[in-house]
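Colleague: Give me a 3D structure for the following:
(chains A, B, C and D, ligands or ions: 4)
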Amino acid sequence: MMPTPLLSIENISKSFPGVRALMDVSFAVQAGEVHALVGENGAGKSTLMKILAGVYQPDSGGLHWQGQSIQLRSPADSQRLGISIIYQEFNLLPDLTVAENVLLNREPRTRLGLVDWRALNERTRQLLHDLETDIDPQALVQDLSVAQQQIVEIVKALAIDARLLIMDEPTAALNPTEVGHLFGVIERLKARGSAVIFISHRLDEVFTISDTVTVLKDGQHISTSPAADLTREEVVRRMVGRQLQDIFPPRLQAQGGTPLLEVHGLSNDRLRDINLQLQAGEILGLAGLEGHGQRELARALFGIEPIHRGTVQIDGQRVYLRHPEDAMRQGVAFLSDDRKMEGLALTLGVRENVALPNLNRFSRFMMVQHEDERAVCGQIVETMAVKTPGIEQPVRLLSGGNQQKTVLSKWLISQPRILIFVEPTRGIDVGAKVEIYRLIHQLAHDGAGVLMVSSDLLELLGLSSRVLVLREGAIAAELAGAAATEESVMLAATGVHG
Amino acid sequence: MTSMPLTTPTASRTRWLKNWRDVLLIWTILLVLVIVASLASDRFLTPFNLERVTAQLAALALVAIGQTFVLLTAGIDLSVGSVVSLVGTLLVGIITDSPESWVLGTAVAVGVGALVGLVNGLAVTRLKVSPFMVTLATLSIVQGIALFVFERFKDVFEGSISRNFGEVFTGNLGPIPIPLFVIIIPVGIAALVLRQTPFGRHIYALGSNENATRLSGMATDRVKLQVYVISGLMAGLAGLYTSARTLSGNPLIGENLAFESITAVVLGGVSLMGGRGSILGTLAGVLIIGILSNMLNLLRVPSDYQYVLRGALLVLAVMLYARRGRSA
Amino acid sequence: MTTATSITARLIEQYRRSPLSRVQPVFFALVGMVILLAIVSPRSAEPSNLINMVRQGGPLALVAIGQTVVMISGGLDLSVGSVVILADVMAAQMISGDESKVIPVVLLVLAIGALVGLANGVLVVLLRVTPFIATLGMNFIVYGAALLYSGGAPRGDIPPNMRFWGNGFIAEVIPAAAVVLLIVALIAWFLISRTVFGRRLTAIGANRRAAYLSGVSVRRVTLLAYVFSGLMASAGGLLLVAFVGVGTLEVGTDFLLGSIAASVIGGTPFEGGKGTVAGTIAGVLFLMVLYSVLTALALPVSGRRIAEGVIILVAVALYARGRSG
Amino acid sequence: QDTDIVTEHSTDYLNDETLAVQEGEEVDTSAYAKEGPYTIGFINWSTANSWTVQIDEEIKHEATLYPEIEELITVSSDGDVNKQITQIEDMISLGVDALLVIPVATEPIIPALELAKEQGIPVVVFASAPPGEDTQVTTLWADQVLFGRLQGDFLMEELGCAGNIIVLNGLAGIATSDLRRQGLQEAIEACPDGGAGVTVLAEEDALWAYDQGKLAVERMLAAFPEIDGVWSQGGAMTQGAIDAFEAAGRPLVPMTGEDNNGFMLAWQERAADGFEAIAASEPTWQSRVALQAALRILQGIPVNSFYRLQVPTITSETLEQYVRPEYSDAYWTNSLLPKEVADEIYMEASS
Ligand SMILES: Nc1ncnc2c1ncn2[C@@H]1O[C@H](COP(=O)(O)OP(=O)(O)OP(=O)(O)O)[C@@H](O)[C@H]1O
Ligand SMILES: Nc1ncnc2c1ncn2[C@@H]1O[C@H](COP(=O)(O)OP(=O)(O)OP(=O)(O)O)[C@@H](O)[C@H]1O
Ligand SMILES: [Mg+2]
Ligand SMILES: [Mg+2]
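Modeller: Ligands and ions are numbered 1, 2, ... in the order given. Below you'll find the predicted structure:
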């Protein structure tokens, strides 16, 4: 007989206006197991987790905690039980320090009841150390990169001695090294008898870490089975409802002629003497460990980071990129990895977000032509399979993956000649990725140049015609064709030989 | 596998600077203003004048401290001025020469302030009405009550407040004028609360990102309620001080305090969107406002030119500060 | 008790699902206020009087529309009160009863308002002064300028052809001021909801950084928002002086708080990112009807102030419930 | 004292019984005597309305007459009590030789005035209720209760102590406004039946301003079908009331007002059609008298502790005498400004 589960989810349903997010979902989580939860974007994973976190109340159905019926009315209720959660969307306080964020509401106090700053920073340093990062506990969160913020989110959840730790796509912004550290921590938690619910769209990770896999589809529970009984293909079939072949389209060859983009000796605070060429029809990958300049290079080429030395040429003409506007005028599009801060106006609708960089195209005499706008937006939303009740839906109400699809949509329709993509498929399900790869491929095929930064090495290698590896702000290697393998990239990125 | 060190952009030293840069700048501007004022008028640095400026600013400082708490949470409190007025009109009927009446008066001042704050806080948290509208409404209501008390209970609430009571707040303690303590002590306490207590950190958290703070399991509504109560309470104390200073009550006396306090707090570096700023900044903001007006008066500038100069100097001060403080 | 709450919950739920929930709450507040007026003073709620309130609210509505535009971008314009006064004083003094001067002076005064707005915009956008301080400083400067210009004693008066727009009626029933308001409102509505400018404005208020990275010229659009507000404030001042007939420094006291209150009641949040012209105008009318209710209640000043606060609180609380329940 | 700079350079208004009646005790001012040149501070309660502006103009003109006055510093308190206290203290810091104040409110400024006294600075208070007994050397005052009473008596007589009236006040909490309103109350209660026949339909603060007055009356007209009289404290509010009545197509009823030129012109235009009104006056020349009092004090010449200002009541019969068709609405007719000066400031360009 199975022991009493730590948590059992019983017939949970939840609807939002126009959306049935969860329908009659039931499954159980055992103490000491890592329970993966997978499903397409908008399948209802985050909604279910928010119910466990006390953020949403289910319309019907109930929860049992060690056999006892429970009601979670607020995040505080859920924390009291020992449930800790890493939300998919970051919930950090930009104006506060890392330590203040990590131990928010749990600040160590002196005997006088004042904040014990030393203990606060020390405990945070310890927690960060467990993940082998050297983020300064006293750094302001607003100064951190997305990956660093993700680590802070993780540490924040670990700071609670949780019986059940929920991780909603914790690895979407992490590189393999960091993922490795995270898995080390998960193993330790597991050994201690805690349970972990792990949500990810990276199925290899799911198979590496989890004991049990639950699949959700369109708000319904499809299956819960031991990971050992499943194959990758089987999980995909249950998630998407069909078999997937040929994830990556065939590699493209550069089309020749004047390079679209040419960079000579570009340097700034974080970059050293970068030289590169991007041809029409080419997908150029930028690889490297987090913090070694890929992101900064991408941003400099869109006029966000300053360029101190060096030249940038587009179509053989020297250009000065001081503002995004300058870059956009040259036909450059830029997709940021920080969709919440830099990608979306969350309170506005899907249509308004998608239209924003394309307003000139949708307007005549400075007036927005609503028909054109609606038609184009509607079409891309359909192609990208953005799951939304309509194009007027405020973006903040979409699931994480669908928000990412929205940001992608706004740039894909902007008819760019040079696309700079940073983590384009962050949080996007396997099925949709295929479609996105196809679209990017199509754009390149039609004569655009693509510059891509991704911490998902498989994706980078699968799509790129060429890969540049950065280390400490400089180009450490250029790998093309068969020379570009996971090993060769990691070797160049770490600078370790043998 | 070897892990490469992540290049973290901020070390603790720069973090310290970042935190204090705004405060340092605003105090530098204050210093410049003081130097200009003392060069421009030989009357400025006289003990009498400094004492007067201190006495003039104490009420504003008290209100601004409370306002800082509210603004840090991205709220706003427009009702503080009418609380000051109401407290004054009530105290006239209460405070006599007897020490018991002083205790009662203080209790009434604090009580009325806290009560109005509580109403504000409840309306903001329970009714989910924007703080601007809530406190605009209570501003009107409390002002109405002050006028009512003033009109209808002339016989009870008339005359003046005991001089001895006035002395307690406006006299000197040795060589030091008491209003200085009226400013310094609450500033010290508020700075301690904001910087060193969990409650203080929660205020910053709330202003920085309310949703995230709620998801961290914090009772955000309780913190909000508390800041409005604090603001009301500080306004009550400002009312007490004002009555002691004027030995009377007047239903309009606090009218401009809400706006002035918000100005002082914003001048001191608190963002209207919450989450950023400090009490030391607020104190500098209060002092700048006061010294600016004192300087213009000492320089015999007529009213119409005073408006123009005051506006220009205000903008100029923040301009220097904004350019350096924010362009990163 | 429980059934009562569940019935309310069901009603709220039904309301949320119905097309009614798309109507901005301020319109319910406005209708509620008119009903209240009809109860306390049936005479005041007669159509002709209600139409007249549009005229009374005309100047404030113009100013509030400008304020709304700035607020949508996430800013604030505290200089509107003084701009109204300056426009009033300058128009009266320069026109000085001469019908032929009306058009050039009106244009000049509008230009000056826009110039003040431009100065605000430059301070906020280029010199990075927080909007609160920049526009507050400008408020003092402009008020001082009005005092200096008029020598404290404004003179001059407004000839009948201009007064008509403040006082007159078209076809004996429609106040000319209401027509002015309607035209301006249409233009502003068009600007906010139909043009590229409006779209960018909203995006800036919703997420400045994302807008900037989408190629929006944050600075130019923000600057234009302040220019527009300055322009509207001087238009409000002109409409007011057409109503008053003489130059006076005593006006404008209610325009600052009134314009912000009308915008907030009308659904523009302080954080920016949304807001509508129709909502703001309804906010202004709400205030006008409220004042009529207070007059009809015939309370002494203290009672008026209390009633005013209570009614505002109840009205906004009611509709806040409907919204977030 | 053999010479007096007041009589030497100007006309002696202080001892002119037609302007100011001496009351109270004679005050020995020898302690304040000092040699010129003098710096004199004047704190006006506001400069936002035309009356306060004219007060400024009168005193500025008077000050130009005396070579002994080195500087007259004028500031405005903008109706803010706190600001006024600050200004009094700053004037003391500045070391003015004498201080003239129009109080925003009476009691709250007493401690500040006492401070002036301690520092040996003589204070003259005028145009608002006197703050204290001995905080100021002398007080000049036109009885504000009487002001309201005169207006009220007129209205009661017009109405035969029966009917519905509406009331326009300045600003509750400001002494001048409250006292005038008190005068109306006395007038109503003085009716034979104790005022039982009189109903105050509605009452509003309209800040003595035209636009506020007109809007308030428009709303009152809409709410109340029968209004028999308008008691307005004056300023430009009465002019607004007239316009509101006419815009609503309602026949004019008796109204009260002040000697504001705009109102008087409107009144004169309609007098032939039977419009009845009265204007009380709060003279703008009192700032001159106050300045003269200060100069006397600075010379050590005794002054009285109180001067009651003589104020005319303007009726339909005397209207002609006061009204100035060639001047702007902002002019206040009970003035001692010389013609050239008044012309300069108030003459309408078109006339
Ligand atoms: N507050 C809300 N209001 C309206 N709809 C919502 C809300 N929250 C979620 N939804 C909708 O519910 C559905 C499920 O969303 P959820 O976030 O649970 O998906 P998910 O499985 O986490 O997807 P992803 O992989 O993209 O993160 C989506 O269609 C989403 O748009
Ligand atoms: N000319 C510009 N140069 C650099 N950044 C700009 C510029 N214009 C707009 N931005 C960006 O758009 C946003 C708003 O611009 P603005 O420069 O006015 O604000 P900011 O003072 O830089 O704000 P912050 O302090 O957040 O950087 C900012 O996030 C900023 O990064
Ligand atoms: Mg999700
Ligand atoms: Mg910047």
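
Colleague: And the pLDDT for residue 62?
Modeller: Let's take chain A. Residue A:62 is assigned a pLDDT of 93 by the prediction.

Colleague: wait, chain D
Modeller: Reading off the model, residue D:62 has pLDDT 95.

Colleague: Phi, psi for residue 328 please.
Modeller: Reading this off chain A. phi -60, psi -30 (degrees, to the nearest 10).

Colleague: My question was about chain D, not that one.
Modeller: Torsion angles, degrees, to the nearest 10, at residue D:328: phi -80, psi 170.

Colleague: Please name the nearest non-neighbouring residue to whichever residue of the stretch 301-450 of chain A sits closest to chain B.
Modeller: Using C-beta to the nearest C-beta, the closest approach of the stretch 301-450 of chain A to chain B is made by residue A:396 at 9.9 Å. C-beta coordinates here come from the backbone N, C-alpha and C atoms, glycine included. The spatially closest residue to residue A:396, leaving aside those adjacent along the chain, is residue A:346, at 4.0 Å (C-beta to C-beta, 6 or more residues apart in numbering or on different chains).

Colleague: Am I right that that neighbour is in a strand?
Modeller: No - Residue A:346 is assigned coil when assessed by DSSP: H, G, I helix; E, B strand; the rest coil, not a strand.

Colleague: Go ahead and confirm it touches residue A:394.
Modeller: Yes - using C-beta atoms under 8 Å as the test, residue A:346 is close enough to residue A:394 to be in contact (7.1 Å).

Colleague: which one of these two has more residues nearby?
Modeller: Legend: neighbour count by other C-beta atoms under 10 Å in any protein chain shown for residue A:346 and residue A:394, higher for residue A:346 (20 against 16).

Colleague: now the closest residue to ligand 1 within chain B: how far from residue B:125?
Modeller: Distances between chain B and ligand 1 by C-beta to the nearest ligand atom are smallest at residue B:211, namely 11.9 Å. According to C-beta to C-beta, to the nearest Å, residue B:211 and residue B:125 sit 15 Å apart.

Colleague: Neighbour count for the two, which is higher?
Modeller: Between residue B:211 and residue B:125, counted using other C-beta under 10 Å, the more crowded position is residue B:125 (18 against 12).

Colleague: could you list every residue that touches that one?
Modeller: Neighbouring residues of residue B:125 by C-beta atoms under 8 Å, 6 or more residues apart in numbering or on different chains: B:221, B:224, B:225.

Colleague: By pLDDT, give me the weakest of those.
Modeller: Ranked by pLDDT, the contacts of residue B:125 bottom out at residue B:221, which scores 93.

Colleague: Next, the closest residue to it other than its chain neighbours: secondary structure please.
Modeller: Of all residues not flanking residue B:221 in the chain, residue B:125 sits nearest, at 4.1 Å (C-beta to C-beta, 6+ apart). Secondary structure, three-state DSSP: residue B:125 is helix.

Colleague: any idea of the pLDDT on residue B:125?
Modeller: Value listed for residue B:125 in the pLDDT field: 94.

Colleague: hmm, back to that, quick check: phi and psi at the residue nearest to residue A:396.
Modeller: phi -60, psi -30.

Colleague: Enumerate every residue touching it.
Modeller: A:340, A:394, A:395, A:396, C:206, C:207.
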